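> quick one, structure for this:
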Amino acid sequence: MTTRAVQWSVLAILGAVVAWALVIGAPGTGTADDLAERLACPVCDGESVAASQTDVARSMYAQIERLQADGLSDAEVLGWFEERYGPEILLDPPRDLGGILLWAVPLLAAGAGIAVVARLRRHRPGTEEGDTADGSTSSARTLVTVGVVGVVLVAAAFALGSFLQPRAQGTPVSGDLEAPTDLASISDETLAATIASFEASGDVPATQLNGMRLALAERYFEAGDYRSATSVFQEVLVADPTDTQRSEALGRLGWILWVNDEAESAEVAFRQAIEAQPANGEARYFYALMLMDQGRGAEAVPLLEALTTDPSVPEDLLPEIEAMLEEARA
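Numbers count the residues shown, from 1 in each chain. Here you go, the predicted model:
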């Protein structure tokens, strides 16, 4: 084998090694476990949602499952959390030793291979036609050595990276995380105390704190504890929220105001929610319900029409929305 052939063979093997490493090292997609490993636990010190055993992490895991059940893509699920918690919530690339190894080792192997090729070029024995048998044997040996070392390094990095992936306590090494389906076991008091602690420390960004407040307020809202929910939603509104956070809080407050016979204030809240985030389908739906209840069907038509093409609207709600639209147009 000529020196030039050895050089090209070394580069080809290293290219294949790097490509293989990038494929096996790429973040997984499609499951709640995969996404949980790419989200930071906001109340933990450097742990992912998948690794944490806190109530907050379990709640976030359950929310991932709900969003996936609603048909959101991986990117949309991650975006949902980023909008509410800020960019600090994303662990992409994963901040763990295994993830670093999976990316670093192929690059180091490629660098070593390039160095070997450069060395061969500097010290090749004469011309290609003059390559000796010893030179060819030495070059072939170099090829085999570089290829084997590169493959072994990447395989070792992959194995070690898999072993070092952050996992929840009690989770088998295979990486299957038991989904927290019993939401009743998650303590509201624990989350409220954590928020209060972070507020006092001043070390947590406002965006991230507001994400936690919204999670707590949503629990109160779903439980019908509107007094507690209103208090937390109001905290969000005065704590420098993002447009998405502001819209979510205002939309829920609008509903609470409406069911408490404060229709005028509710309408203001709904309008402000939609203005802050036009994609807030829930606020549009609540507002349309109120308008229909007041006999203002014509005003509800554009809201309902927008909802029929909104991908965030659950499919099982579409028949009701279409029936409302037909009634509003009558």
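> so after the worst-scoring helix or strand of the chain on mean pLDDT, what's the next helix or strand?
Counting by mean pLDDT, DSSP states H and E, the chain has its least confident helix or strand at helix 133-164, which shows a mean of 53. Remark: after helix 133-164, the chain's next helix or strand is helix 188-201, criterion DSSP states H and E.
> and that next one, what does it pack against?
For helix 188-201, the contact count by 3 or more Cβ pairs under 8 Å, 6 or more residues apart in numbering; DSSP states H and E identifies helix 55-69, helix 206-222 as packing neighbours. (Glycine included, C-beta is placed from N, CA and C.)
> now do the buried residues in that helix.
Residues of helix 188-201 classed as buried by neighbour count (16 or more other Cβ atoms under 10 Å): 188, 191-192, 194-195, 198-199.
> is it possible to export those to TSV including pLDDT and distance to Ala288?
Formatted as TSV, the entries for those read as follows, by pLDDT from 0 to 100; distance: Cβ to Cβ, whole Å:
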residue	pLDDT	distance to Ala288
Asp188	84	30
Leu191	82	31
Ala192	86	33
Thr194	82	36
Ile195	85	32
Phe198	83	37
Glu199	85	36
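> quick one: contacts of stretch 315-327?
For stretch 315-327, the external contacting residues (Cβ atoms under 8 Å, 6 or more residues apart in numbering) are 71, 285, 288-289, 292, 297, 300-301, 304-305, 307-308, 313.
> quick check: phi and psi on Gly224?
With angles defined as degrees, to the nearest 10, Gly224 shows backbone torsions of phi 80, psi 10.
> so what's it scoring on pLDDT?
Listed pLDDT for Gly224 reads 93.
> tell me, how many residues neighbour it?
Gly224 has 9 neighbouring residues, counting by other Cβ atoms under 10 Å.
> again, but for the one 3 residues further on
The number of residues packed around Arg227, counting by other Cβ under 10 Å, is 9.
> pretty sure it sits in a helix.
Yes - Arg227 sits within a helix when classified using DSSP: H, G, I helix; E, B strand; the rest coil.
> what does the pLDDT read for it?
The per-residue pLDDT reported for Arg227 equals 94.
> contacting residues for it?
With the criterion set at Cβ under 8 Å, 6+ apart, Arg227 makes contact with nothing.
> mind checking how far it is from Asn280?
23 Å (Cβ to Cβ, to the nearest Å).
> could you do Val301 as well?
With the distance defined as Cβ to Cβ, Val301 ends up 18 Å from Asn280.
> more crowded one of these two?
Neighbour comparison, Val301 and Asn280: the larger count goes to Asn280, with 24 against 16 (by other Cβ under 10 Å).
> please verify my assumption that that one contacts Gln245.
No - at 10.9 Å, Asn280 and Gln245 do not qualify as touching, with contact defined as Cβ atoms under 8 Å.
> okay, domains of this protein per the record?
Listed domain ranges for the chain are 3-26+95-164, 32-89, 189-329 (source: automatic domain parsing).
> residues of stretch 266-283 that come out buried?
266-267, 269-270, 272-274, 276-277, 280-283.
> just the ones of those in helices?
By the criterion of DSSP state H, membership of the buried residues of stretch 266-283 in helices covers 266-267, 269-270, 272-274, 276, 281-283.
> can you redo these as TSV with distance to Val49 and pLDDT?
Converted to TSV, those look like this (distance: Cβ to Cβ, whole Å; pLDDT from 0 to 100):
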residue	distance to Val49	pLDDT
Ala266	35	96
Glu267	37	96
Ala269	31	96
Phe270	32	97
Gln272	31	97
Ala273	28	97
Ile274	31	96
Ala276	27	95
Gly281	25	93
Glu282	24	94
Ala283	27	95
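> and these, which is closest to Glu235?
Lowest distance from Glu235 to those (Cβ to Cβ) belongs to Ala269, with 15.6 Å.
> Ala57 reaches Cys41, doesn't it?
Yes - if you go by Cβ under 8 Å, Ala57 and Cys41 touch, sitting 4.5 Å apart.
> common neighbours of the two, please.
Both Ala57 and Cys41 are in contact with 47, 49, where contact means Cβ under 8 Å, 6+ apart.
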